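*Asks:* any chance you can model this:
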Amino acid sequence: MPKVTQAHIEKRKAEILDAAERVFKRKGFEPTTMKDVVEESGMSRGGVYSYFSDTEEMLQAIHERNIGEVPAILNRLLERHDTVWAALAAFVDSFLEDTDPGFGIVTYEYSVTAWRDEGRKQFMLRNATHSITAFVDFLQKGVERGEFRPLLPLEGIVIFCINVIDGFIIQGSIADGEWMRLKDQIESLKLYLRTVLQVNEA
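*Replies:* This next block holds a predicted model:
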């Protein structure tokens, strides 16, 4: 019997998660069944179950995968821009360019029930901490370069911005950008950041 390599295992898991993510985006978390994912993946039922026991395990794996990509996304922005502020502004502007709430609304749906499920609560808090840390490190680069002189602790600024962006995702799931005046909201967020970070653009 041929030996299954770790690379093959990771590839299979990624294919299943990609299929699950497509279904979650179409149907939401709660309505999605393992049967849906099996059909979307084109794999056998046993093949899918050998990697994941239920849709919650899949959602958590997708969320962790997405969170794990945040530092790389921020680093790519820094590579493409001359200043941390320009990279940060580009990140905020990206919400205007891509108004599809995507997997964000699925994660929000899942997190809404965390208040009554300790396991989900701890999962969401743990991953939120990873995101916060990545963005704090990103802003700290601006402080070290003399671009920012923040009026508040960076962690508080980041958490506030995450809450605002969550609002974009929720509104974007039920309304278009024109109705929610997304451009105005984006400019408001950038104005807040410019002010609270005391951006030095000299």
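
*Asks:* give me every residue that touches the closest residue in space to Arg12 that isn't next to it in sequence.
*Replies:* Nearest residue to Arg12 in three dimensions, chain neighbours excluded: Tyr51, at 6.4 Å (C-beta to C-beta, 6 or more residues apart in numbering). Every residue, glycine included, has its C-beta placed from N, CA and C. Counting by C-beta atoms under 8 Å, 6 or more residues apart in numbering, Tyr51 touches 9, 12-13, 16.

*Asks:* mind listing the helices for this structure?
*Replies:* Counting by DSSP state H, one finds helices in the chain at the ranges 6-27, 34-41, 45-49, 55-68, 70-80, 84-97, 102-112, 118-144, 154-172, 182-196.

*Asks:* those helices into a markdown table, with extra columns for mean pLDDT?
*Replies:* Output for the helices of the chain, formatted as a markdown table (pLDDT from 0 to 100):
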| stretch | mean pLDDT |
| --- | --- |
| helix 6-27 | 94 |
| helix 34-41 | 97 |
| helix 45-49 | 95 |
| helix 55-68 | 96 |
| helix 70-80 | 95 |
| helix 84-97 | 93 |
| helix 102-112 | 91 |
| helix 118-144 | 96 |
| helix 154-172 | 93 |
| helix 182-196 | 95 |
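
*Asks:* ramachandran angles for Gly28?
*Replies:* phi 90, psi 170 (degrees, to the nearest 10).
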